[in-house]
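# I would like the atomic coordinates for the input below:
(chains A and B)
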Amino acid sequence: MTTPTMQTAQQAKTGRKRRIRGDGVWGYAFIAVALLVYAMFTAYPVVSAFFISFQHYKPLGSTFTGFDNYAATFRDPLFWKSIRNTLLYTVLTVPVALVLSFCVAILILPLKRRLQTTFKAIYYLPVVASGVALSVVWLWIFDPMPAGIFNRFIAVVGAHNQNWLGSSATAMFSLVIMAWLSSHGASIIIYLAALLGVDESYYEAAELDGATFLQKLWHIVIPFLKPTTLFLLVTGVIGSFQVFQNAFLMTGGGPDNATTMVGLLIFNNAFKYFEYGKAAAQSLILAVIIAGISLFQFKFLGKDVEY
Amino acid sequence: MTRKAHVLASVLALTVSMTALAACSSNSKDNGASPSGSQSPAGSASAGAGSSGAKDTITALLPPVSSGFQDRFEQLSKDFNAQYPNLTLKIEPASWEDMTQKLDTQVNAGSPPDIAFIGSEGISKYVQQGMMMDITDSVTPEMTDDYDKTPLEYMKNGTGLYGFPAYMEVHAIGGNKQFLEEAGIDWKKVQKDGWTFDEFREAIKKGVVKEGNETKRYGFVFATAGVTSKDYLNILIKNAGMPASFTTDLKYAYTSKNFLEVLKDVRVMIDDGSMPKELSSIDAGKRWNMFLTGQTMITGKGLATFENSANKNNAKIDANDGSAVKGSIKVDYIVLPVPTFLGQEPKSSTVVDGYVTFRGKKEPTAEHKANVVKAAYFLASGQVAATTNNDLFAAHISKSGRKAAESMTVNRNPDNVAAVQTLLSHATPARPDIPAELGAKAIKIEDEVIIPKLQALLANEIKPEEMYEAVKAAAVKAFGADGVVTD
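Got it, this is the predicted structure:
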């Protein structure tokens, strides 16, 4: 004699067994690989960093230090300076990068497929090129002596040669120029893919109504591309907050820490001074800041975005 | 088909999982004897100590110390094995760029190589981590007696000895013989007797060549971009009565008034027009290019090996070889001493690099330790050291190295050889008495205050007094008012 409740439970159990015995097993097997890799190379380091942030880390035995690393970070003027530098860099680079990528994608869109692919490849090339190699080229462009490319360029308009990377007045601006003029490949391709997804009928209808290019851009393209823009904005801000390579290779954070970004500061604490606890604490603070900004972006910019 | 796909997926999943697990479990192989995983039972405690002749593998992480150094690795391993048939020397090559990162990663994972080639200034950092292997009780008197006292001292920290020195190079400056003579500078006298800052300042003024408002040649260009600015200041302040960051009674030295005077002189050379106003962005490659293309009379820092580089470029110019530096002229490189400041004694800044010894997470056995010492000594003495140092034009610092070098010929300017010997005679002594913790704090002040402020000073964004006050404030914060020099 079985009650209805027991029957339901029995059925559920049998169903689960069936799912596990069938194709479900293979589904779990496939997920397990990705999950294992994620657990080992993403989740474990994050959890480990969390514990290390409360320690004075040493390979032969760490000591628990409570919130000392966090307190030291909040007291450190260099940390706040690096946050300010990173914010400034983000504000100056991300919006311009988005506008540039959008404009290039718009310009490429009407081209024939083969030409489109050629331009996509050209713009994507810096993404696959070595950052170190690119930095060498940029160091040559920013050569402080009169023979430097930028200095020759400004000499045409009668300006004196500038110590681009060696002066606090121009070092950050030089890194920003570098960001403006390189590596928009991924954003261009994403924008282009989104543009190709806009149904032709919208443009045709607008043309029938006598819409100009700018009107089509404003009333059709931009609203349709809002989810793409939000995605690129969020990932761009995250990437910009984690920026490290340019400052490390071009200025080393100088002069007078004018280009010390928070990523570089964390790197220095971890790999230069072996202060892994402090570096881990700073990484987690940075993660919280990035999460906060991303939430803010989703909340205020993603209100009418549908995926 | 579906079945095949399932089998394939399973194999793939298993492979990924096993690879990942294998990567995680590498530490479990650490038997404590060989930090990098000795492949023999020699490393185990039961293998006994001393020279039992049990098989053992010693690992070494080595950069391209000289041009042909890494090409000789296979031969080095063979020669070592011929000398010690039970031992295997396994050398892992690394580029100079990767060396620190590779070593730091291995050290922090608790599995460093037995031997690594690093600068002696890096020893305190690893001692603090507890990952260096003190070999004091494993070296023989014959080994230690082989070395000159000063460079060997650099391999010490506190009472521990952590390896053997490969060479001791003097940080000098280098001049273009033709330009020096055109400027009326008696460089042979300078090589012999040195010069004061005032004499140096007048000399580099004479080296400046202008065409209208444009400077065609500077008197002195030193690489100061980024971390190289540290070298610039360190070289100067050693000759201003501050041979180390701490005095003998362990007070932080760079709060001395002499430090401020050197900073003023750093600025004055740029204001004179003897050095470029863009100095803060000139890196090592740029200033060497400026030297070879005749854009500066004197350059720094100068190492003995630069004579070799200049000679090679001269030969390329003679042979119309397209790989000669573009726009370069033939240069006779002259080793010159750094000027002295404020009537202080000359103290040459030196760099001592060597083969340092590491340990793993577990305590190494006495036998493995002895084997590591044998390998480090093999690399840092005799024929190996002689060949490497000759490649670098570096002075020999061991008796066995000097003896092995007797049969080798090196094309060096004898005046430069004598000048380097003079500089080595007043080399800054090592300071193993500075506790690692104090040393680490001083390095942090250097990285976070001195270098950034010096960059700003060179760019004319702050005054020498502002930099001095910033350094003083950081030092007082780190060491207390009683822990710094007040004069």
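
# how about B:Ser323: what's its closest non-neighbour residue?
B:Lys316 (6.0 Å; C-beta to C-beta, 6 or more residues apart in numbering or on different chains). Backbone N, C-alpha and C define where each C-beta goes, glycine included.

# B:Glu74 and chain A, how far apart?
29 Å (C-beta to the nearest C-beta, to the nearest Å).

# that residue: neighbouring residues, count only.
10 (other C-beta atoms under 10 Å in any protein chain shown).

# with B:Thr159 instead?
9.

# so which bits of stretch B:274-292 are buried?
B:274-284, B:286-292 (16 or more other C-beta atoms under 10 Å in any protein chain shown).

# show me the helices in the stretch 201-307 of chain A, by range?
A:213-216, A:222-224, A:226-241, A:245-246, A:262-267, A:276-301 (DSSP state H, counting those that start in this stretch).

# of those helices, which stretch is the most buried?
Highest mean neighbour count of the helices of the stretch 201-307 of chain A: helix A:262-267, a mean of 24 (counted as mean count of other C-beta atoms under 10 Å in any protein chain shown).

# helix/strand/coil for B:Thr357?
strand (DSSP: H, G, I helix; E, B strand; the rest coil).

# and the closest residue to it other than its chain neighbours, how many neighbours does it have?
Spatial nearest neighbour of B:Thr357, chain neighbours left out: B:Met133 (4.3 Å); criterion: C-beta to C-beta, 6+ apart. B:Met133 sits with 26 neighbouring residues when counted by other C-beta under 10 Å.

# thinking again about what came up before, mind pulling the model confidence for the residue nearest to B:Ser323?
For B:Lys316, the model assigns a pLDDT of 96.

# next: the one 3 residues further on.
Residue-level confidence at B:Ala319 comes out at 95, pLDDT.

# measure how buried it is and give me the count.
With other C-beta under 10 Å as criterion, B:Ala319 counts 10.

# try B:Leu76
Other residues close to B:Leu76 by other C-beta under 10 Å number 21.

# wait, it touches B:Pro93, no?
No - using C-beta atoms under 8 Å, B:Leu76 and B:Pro93 do not qualify as a contacting pair, with a distance of 11.3 Å.

# ok, the residue nearest to B:Thr357 - contacts?
B:Asp114, B:Tyr162, B:Thr357, B:Phe358, B:Arg359, B:Pro364, B:Lys369, B:Val372 (C-beta atoms under 8 Å, 6 or more residues apart in numbering or on different chains).

# determine which two of those are furthest apart.
B:Tyr162 and B:Pro364 (13.1 Å; C-beta to C-beta).

# about what we covered before: which of the contacts of B:Met133 lies closest to B:Val417?
Looking across those and measuring by C-beta to C-beta, the closest to B:Val417 is B:Tyr162, at 30.3 Å.

# do you know the pLDDT at that closest one?
Reported pLDDT for B:Tyr162: 97.

# in space, what's closest to it - neighbours in sequence excluded?
B:Met132 (4.8 Å).

# identify the residues contacting A:Ala49.
Here A:Ala49 is in contact with A:Ala280, A:Ser283, A:Leu284 (C-beta under 8 Å, 6+ apart).

# so where do the helices sit in the stretch 1-150 of chain B?
B:2-24, B:73-83, B:96-108, B:123-129, B:141-145, B:149-153.

# roughly how far out does the fifth one sit from the chain middle?
Spelled out, that is helix B:141-145. 24 Å (C-alpha atoms, centre = their mean, to the nearest Å).
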